[in-house]
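Student: let me see the structure of the following:
(one chain, ligands or ions: 1)
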Amino acid sequence: MAKVVIRNDAFVGLISSCVEVYRKEAFGIVFGYKKGEEYVVKEILPFQTARRGYTSASLKPSKEKALNKILACMSKNSIIGDYHSHPGEVYETLSGEDVYDIVRRKRDYISLLVSIKVASRYQKWKYTKDGLTGTVGKYYFKIKAFEFDYDRASINQIKVECPIISKLNKNYKEINKKTLKD
Ligand SMILES: [Zn+2]
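Tutor: Numbers count the residues shown, from 1 in each chain. Coordinates of the predicted model:
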């Protein structure tokens with residue numbers, strides 16, 4: 001079974017990026033590598049262009065190619081996918097445009113979807129059937145990952161793991177107290 005492991009730095013970047021532009025839609029690319037069935041996300045890069053509102057273009061293949069070339073000179077990582085957020089109360093699942101974006105991708109490409117909204121209460125991070133959920137500060141998140149299965153021509157939701165969540169949950173009470181004071 002394929003899965004996505006989001007390393008700590010990438011997780012912090014992902015959460016910050018989605019909070020920064022809230023209530024707009026965040027978009028960016030994810031870097032890392034694939035080993036066997038496992039995608040390892042090591043870094044994320046938020047994009048200033050495109051993806052505002054629920055329906056707009058993502059990274060163009062020509063731009064992606066150019067970026068990969070530059071990255072090859074500086075980093076061992078390459079582009080393995082993209083991410084975007086769905087802010088507010090609605091759309092915790094892929095839109096029609098999202099599906100269109102994914103199916104025109106090459107093999108071994110993942111899309112992360114981060115639903116973000118203002119939390120009604122504090123909640124520890126946990127893995128659910130429908131993604132990784134939890135709160136940071138006043139925001140609630142649900143992180144999902146998708147990959148396109150060429151052989152079956154279907155989009156699969158795949159498991160997301162983040163090593164940082166055990167640390168977040170361990171410091172849960174302190175984080176809670178601090179945030180409540182603000
Ligand atoms: Zn979307």
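Student: so what's the residue count around the residue of the chain found nearest the ion?
Tutor: Closest to the ion within the chain is Asp98: 4.1 Å, counting by C-beta to the ion. (Each C-beta comes from the backbone N, C-alpha and C, glycine too.) Counted by other C-beta atoms under 10 Å, the residues lying close to Asp98 total 20.
Student: list the contacts of it.
Tutor: Listed by C-beta atoms under 8 Å, 6 or more residues apart in numbering, the contact set of Asp98 reads His84, Ser111, Leu113.
Student: which residues does the last one form a beta bridge with?
Tutor: Beta bridges link Leu113 to His84, Lys144, judged by DSSP bridges.
Student: how far is stretch 166-176 from where the chain is centred?
Tutor: 21 Å (C-alpha atoms, centre = their mean, to the nearest Å).
Student: what's next to stretch 153-172, contact-wise?
Tutor: Counting by C-beta under 8 Å, 6+ apart, 1-8, 11-12, 39, 94, 99, 102-103, 110, 112, 122, 124-127, 131-132, 134, 136, 143-149, 175 sit against stretch 153-172.
Student: ok, Ser78 - contacts?
Tutor: Ser78 neighbours (C-beta under 8 Å, 6+ apart): Phe31, Gly32, Tyr33, Asn68, Leu71, Ala72.
Student: now the buried members of those.
Tutor: Phe31, Gly32, Leu71 (16 or more other C-beta atoms under 10 Å).
Student: what packs against the helix or strand containing the first one?
Tutor: Think Phe31. Applying DSSP states H and E as the criterion places Phe31 in strand 27-35. On a contact count with 3 or more C-beta pairs under 8 Å, 6 or more residues apart in numbering; DSSP states H and E, strand 27-35 meets helix 8-21, strand 38-46, helix 61-74, strand 78-87.
Student: of all these, which gets the most neighbours per residue?
Tutor: Highest mean neighbour count among the helices and strands packed on strand 27-35 (mean count of other C-beta atoms under 10 Å): strand 78-87, with a mean of 22.
Student: Ile29 and Thr135, how far apart?
Tutor: 26 Å (C-beta to C-beta, to the nearest Å).
Student: circling back to that earlier point, the strand holding Phe31 vs strand 78-87, what angle?
Tutor: 140 degrees (axes from the mean of the first three to the mean of the last three C-alpha atoms, to 10 degrees).
Student: just checking strand 27-35 against the ion, any contact.
Tutor: No - on the criterion C-beta under 5 Å from the ion, strand 27-35 is out of touch with the ion, staying 8.9 Å away.
Student: please save the CA atoms from that strand in CSV.
Tutor: The C-alpha atoms that make up strand 27-35 are tabulated as CSV, following Å, rounded to 0.1, in the frame of the first residue of the first chain:
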residue,chain,number,x,y,z
PHE,A,27,-1.0,26.3,-3.5
GLY,A,28,2.6,25.1,-3.9
ILE,A,29,4.8,22.2,-4.8
VAL,A,30,6.2,19.4,-2.7
PHE,A,31,9.7,18.0,-2.9
GLY,A,32,11.2,14.8,-1.9
TYR,A,33,11.6,11.3,-3.3
LYS,A,34,9.8,8.0,-3.7
LYS,A,35,11.2,4.8,-2.3
